[in-house]
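**Q** Sequence first, predicted model second:
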Amino acid sequence: MGYFVISLIVVLLPTLMKFADSKMLTGSPIGFQRSHHFNNQRLPLTIYPILYRLNLSVPLINNNFTITGEEWVLLNCTMSTREVVFNVKNIDIDKAKTRLLDPSGKSFIRIIEQKYENSREMFVIKTATPLIARRQYELNLHFSYVLNDELMGFYRSSYIDHDTGEKHWLATTQFSPTAARRAFPCWDEPSFKAYFSISIAHPKQYHALSNMPISNSIPVPGMDDNWIQDIYKTTLPMSTYLVAFIVSDFVPYKTVIDNSSGWKFTLWSRKDILSQTVYASDMGPKLLSFLEEYFSIKFPLPKQDVVAIPDFGFSAMENWGLITFRESSLLFVPGKTSQKGKLDIAFVFGHELAHQWFGNLVTPAWWNDLWLKEGFATFIGYTALNHIEPSWKVLDQFLLQQVMGSMKIDSLNSTHEIEVEVEEPKDIVQIFDNISYMKGASIINMMSHLLGEQAFRAGLKRYLDDHKLGNACQDQLWTAITAEAASSLPEGVAVKDIMDTWTLQPGFPLVTVRRDYGEGSATVRQERYFVLNDFSSTDEWWVPVSYTTQSEMNFIDTLPKVWLEPSVSTKKINNINKDDWLLINLKHTGYYKVNYDEENWSRLQKSYLQMPETIRAQLLSDVLSLAATGKTNYSIALAFSLHLPQDDSYFPWSVASEKLSFIGKLLRDTDTLDDLKEYLLHLVVNTNKELTFFPETPITNYLNLLLQINLVGLAADSDHKKLVDEAKQFLADEILGRNVSIMADFKSKVYCTAIKHGGVKEWQFLWEKYLETNIASDRVVLLMALGCSKNSTILSRYLNRILDPDSEIRKQDGGFVFEVVANRNPVLAFSFLKERWEDLQSYFGLGFRQMAKMIESLGTHLNMEQQLIEIEKLRSDHMASLGSTTNSLRQTIERVKFNIQWMHDHYDSVRLWLKEMLPKLRKS
């Protein structure tokens, strides 16, 4: 690729000047707002890139996975130095060809040393004479490497054509957070934004995509006519983790052109599943158009490609202009994919498209502010989807999925702050977790409610306008929002004062309410909430307290009426009717739990069915969580569940089934489990819903369908005879080749139930069905069902297949398979993890959380002292090589301690409550 020898400055300066300001070309990296001290893991700020001209050759044919590349990087020197330091990992740089041009572009700077520093994932070039501050240089590198199979960096993937049975290879990327350095030498930190001019040479039988459209395709010098080189338009300034390229034989479904902004939106997949992209092709442009309107900022790129990748470690990745998806997160087949699967596709799509503004247009300056992109993408993704599909009530589902979901991990002492200091790649990977995503979204939701929608959106627009094409940190977000929302806050208080207490401290508060019924008042105080009784904290927050009473019944006004301040231990609420109940934290918009005195809990319980459905869900979540941690009694908490047969809403049932199923997991090996199953069956059977996998009338309302799935699932898990018989008969008919129709949403539970009550024949039939299907959502359903067997020999064989590259279980699904087996037989799964630790670590690596998922899946099951000893020993034995599983192990150990605490403190009270209640219910 020696044709590129003309100075970058001469050729591309006009392009650069079109987008850049003077700071980009002569000062610090664009938008870089905070300095960092050079340490072992961070790059120095002495030099930064302005433009990469990256040329790659990708053969793929004849199983040739060797990538060769050349790049020229236009550099700006900010202070005199004799070193050029950049990131590289698992790349061979041809040192003999390394060149560094002086500002004139006519002579080379003499290089005296080049060396890898592998422990820091860096490469250092030392020069004979100092590079001069405020001058630009050009670095020329030649390199090569082999496409890996670790789903990170530039890696190889494959698929079997369903029609021909042939194996096809492709090359694709996953650079976030720190894997661009595995594809090309670069300044692989988000603050080092630069322009990218990319070209890819490949055999003509393949098609190549990158962040920008192709500007030209030319023959490849020195190659035969079967090769072509695609040259792409230069990008806007962007971080390395957002760069992407794909070489494949994929085909487009169709291109949607937006008449207003002019962007083109195209879905790509392998040819044999192209029809499965129809739903995404319709949903994507709608979401993108809404987001343009929501932000009042146009999508800045000329095109948005979206690609379904067979092997992909995450759900999706927001690469600017080239979003990549796992197939099961994008593809939809009417009548085959469940409605929940359809919703999940839309959720992920909304999240990734929201990133085009939060993350891509404005990028966190460093990974400690990861939540600035992930929290906002999650929250705004829900907002967008609520606009497109209002009947799904996704903002109400936000409460269940994000707020309550994040509190599970955030109630642990081993949680972390939203904004958390990280330096090394292994630490950066670990914060891609529920705190950055779910808690981040939850406090954004809280902020929007306490400020009001208009001020909140105005603040977001100001933030995006002020920092577009650059980087920012959370203080700059607070500044922008305060400028628009000061009137919504307590006098003399800025957004930063309030929100820093939520982002810079771990955990969340428990607000305790004590009524004075004679005086007609209530005292509220805050303390940090822990699930383990061993911990305490002096952390305090600015807590917005919204509330209503039985006389008011105003569940809509979520603006705070009282503020709990960090410096004031308690606040009093006056003028409450002594006969009323008091309800605090309307719609759970505040990120905290609430505990009441017994009398107020009793009044809320008696009025349960008069509350809105989201309030009922919130009450169940709070009271059952508080009972599990000993902060209220199970007799109070379980009394709420007695109302469930009269409750016909999905939201409270979803919460109740999760909380009661948690108890069931801890009772797994006790005599009380049968009593709990009987109680659950009583609750479900006494609803007005028919318990069947085959409803006579299709359920068209989405939330009613979710409720039915929930009820049937609880009953089947509790061995409801009719449902067990239906499931066994359904699978028997399938084995005999009979065509029995079933709604896609029930397939997961009907297969699981049949496998649970079946044997080797049934399991093998579903395995063959898994191997044959060409529908990604069906593969997920079948993988889950195959883990439902009670036969430990079958499950052991199933677990071993996740380590077999020829088993057809893709590497991306290994953690999921382990999780479903752990749900059925946690002792077996734990033994497998201990015995095969090194093999699992070697096969899956530590880059995309498969090992972490396995560890975390054990946390809700293990509940014995000996198991705690063993998992602590596992951590100590592998301490030196835990890498990105460090936090997961620490949190799982704490969960196991909580399970043991629960068995010690609450087993007897739950057992006795069931023994007392069941005879009464049998008579009713």
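**A** Cool, the structure landed. Keep in mind that this is a model prediction, so the values were computed, not measured. Residues are numbered from 1 along each chain as shown.

**Q** Now do the strands in the stretch 301-450 of the chain.
**A** Remark: strands assigned in the stretch 301-450 of the chain by DSSP state E, counting those that start in this stretch are 303-309, 316-317, 322-326, 362-364.

**Q** and these as a markdown table, adding mean neighbour count, distance to Val220 and mean pLDDT?
**A** Just so you know, the C-beta spots here come from the backbone N, C-alpha and C atoms, and that holds for glycine as well. Conversion of the strands of the stretch 301-450 of the chain to a markdown table gives the following (neighbours: other Cβ atoms under 10 Å; distance: least, Cβ to Cβ, whole Å; pLDDT from 0 to 100):
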| stretch | mean neighbour count | distance to Val220 | mean pLDDT |
| --- | --- | --- | --- |
| strand 303-309 | 25 | 23 | 98 |
| strand 316-317 | 24 | 29 | 98 |
| strand 322-326 | 24 | 22 | 99 |
| strand 362-364 | 24 | 34 | 99 |
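
**Q** my read is Gly814 is in a helix, agree?
**A** Yes - assignment of Gly814 by DSSP: H, G, I helix; E, B strand; the rest coil places it within a helix.

**Q** Can you give me the distance of it to Glu327?
**A** Separation of Gly814 from Glu327 (Cβ to Cβ, to the nearest Å): 16 Å.

**Q** what's the answer for Arg82, then?
**A** Taken as Cβ to Cβ, the span from Arg82 to Glu327 is 49 Å.

**Q** More neighbours: those two, which one.
**A** Remark: of Arg82 and Glu327, Glu327 carries more neighbours, 25 against 15, as counted by other Cβ atoms under 10 Å.

**Q** pLDDT score assigned to Thr15?
**A** Thr15 carries a pLDDT value of 48.

**Q** the strands in the stretch 151-300 of the chain, which residues?
**A** So, for the stretch 151-300 of the chain - with DSSP E, counting those that start in this stretch - the strands run 153-160, 167-174, 195-203, 207-210, 214-218, 227-232, 245-248, 251-257, 264-269.

**Q** For these, state which one has the densest average packing.
**A** Of all the strands of the stretch 151-300 of the chain, strand 245-248 has the most neighbours on average by mean count of other Cβ atoms under 10 Å, namely a mean of 26.

**Q** neighbouring contacts of it?
**A** 56, 58, 60, 154, 168, 170-173, 198, 200, 202, 206-211, 270, 307, 309, 322, 324 (Cβ atoms under 8 Å, 6 or more residues apart in numbering).

**Q** If we use 7 Å, what do you get?
**A** 58, 60, 170-173, 198, 200, 202, 206-210, 307 (Cβ atoms under 7 Å, 6 or more residues apart in numbering).

**Q** quick check: longest helix of this structure.
**A** Taking DSSP state H as the criterion, the chain has its longest helix at helix 886-923.

**Q** buried set for that helix?
**A** 886-903, 906-907, 910-911, 913-914, 917 (16 or more other Cβ atoms under 10 Å).

**Q** Quick check: nearest residue in space to the residue sitting nearest the centre point of the chain, chain neighbours excluded?
**A** Nearest to the mean C-alpha position of the chain, by Cα atoms, centre = their mean, lies Tyr437 at 6.1 Å. Excluding the flanking residues, the one nearest Tyr437 by Cβ to Cβ, 6 or more residues apart in numbering is Glu374, at 4.8 Å.

**Q** re the thing from before, give me every residue that touches the residue nearest to the centre of the chain.
**A** Contacts of Tyr437 (Cβ under 7 Å, 6+ apart): 374-375, 378.

**Q** Of the strands of the stretch 151-300 of the chain, give the one that comes closest to Asp92.
**A** Judged by Cβ to Cβ, the one of the strands of the stretch 151-300 of the chain that comes nearest to Asp92 is strand 153-160, at 13.8 Å.

**Q** what's the model's confidence in the closest one, averaged?
**A** On average, strand 153-160 scores 97.

**Q** same question, stretch 644-664
**A** So the average pLDDT for stretch 644-664 ends up being 98.

**Q** List the buried residues of it.
**A** Neighbour-count burial for stretch 644-664 [16+ other Cβ under 10 Å]: 644, 647, 649-664.

**Q** Among the contacts of Tyr437, which one has the most neighbours?
**A** Thr378 (29 neighbours).

**Q** From Tyr294, how far off is that residue?
**A** 15 Å.

**Q** now do Leu331
**A** 27 Å.

**Q** more neighbours, the two?
**A** Set Leu331 next to Tyr294 and count neighbours by other Cβ under 10 Å: Leu331 wins out with 27 against 17.

**Q** Chain neighbours aside, what residue packs nearest to that one?
**A** Leu331 sits nearest to Gln276 (Cβ to Cβ, 6+ apart), 3.8 Å away.

**Q** for the one you found, what are its contacts?
**A** 331-333.

**Q** And the pLDDT at it?
**A** pLDDT, read off for Gln276, is 98.

**Q** mind listing which of the buried residues of stretch 644-664 are in strands?
**A** Among the buried residues of stretch 644-664, DSSP state E puts none in strands.

**Q** Can you pick out the ones from those that are in helices?
**A** 650-664.

**Q** Closest to Val543 out of these?
**A** Of those, the one sitting nearest to Val543 (Cβ to Cβ) turns out to be Val655, at 22.3 Å.

**Q** looking at it, the closest one is touching Gln618, isn't it?
**A** No - the criterion here is Cβ atoms under 7 Å, and Val655 misses it with Gln618 at 8.1 Å.

**Q** one step back: which one of the contacts of Gln276 is nearest Met447?
**A** For these, the nearest to Met447 is Phe332 (33.4 Å; Cβ to Cβ).

**Q** so what's Ser649 closest to, chain neighbours aside?
**A** Closest to Ser649 by Cβ to Cβ, 6+ apart is Glu613, at 3.9 Å.

**Q** Let me fix that, I meant to ask about Leu586.
**A** Per Cβ to Cβ, 6+ apart, closest to Leu586 is Ser546, 4.5 Å.

**Q** now do Asn40
**A** Arg120 (5.7 Å).

**Q** How much space separates the one you found from Thr885?
**A** 21 Å.

**Q** and what of Pro59?
**A** 35 Å.

**Q** Who has more neighbours out of those two?
**A** Taking neighbours as other Cβ under 10 Å, Pro59 and Thr885 compare with Thr885 leading, 27 against 20.

**Q** Now that that one has come up, it's in contact with Ile855, right?
**A** Yes - contact criterion Cβ under 7 Å: Thr885 and Ile855 qualify, at 5.9 Å.

**Q** Determine how far stretch 47-64 lies from the middle of the whole chain.
**A** Centroid displacement of stretch 47-64 relative to its chain, using Cα atoms, centre = their mean, to the nearest Å, is 29 Å.

**Q** Run through the bridge partners of Ser158.
**A** Beta-bridge partners of Ser158, counted by DSSP bridges, are Trp169.

**Q** How many neighbouring residues does the nearest residue to Lys749 once chain neighbours are set aside have?
**A** Nearest non-adjacent residue to Lys749, counting by Cβ to Cβ, 6+ apart: Gly713, 5.0 Å away. Residue neighbour count, defined by other Cβ under 10 Å, stands at 19 for Gly713.

**Q** And what about Gly713, helix, strand or coil?
**A** Quick answer, by three-state DSSP: Gly713 is helix.

**Q** From Gln850, how far out is it?
**A** 26 Å.

**Q** How are the helices of the stretch 501-650 of the chain distributed by residue range?
**A** Assigned by DSSP state H, counting those that start in this stretch, the helices in the stretch 501-650 of the chain fall at 598-606, 613-628, 634-641, 650-666.

**Q** deepest of those helices, which one?
**A** Mean neighbour counts for these (mean count of other Cβ under 10 Å) peak at helix 613-628, with a mean of 24.
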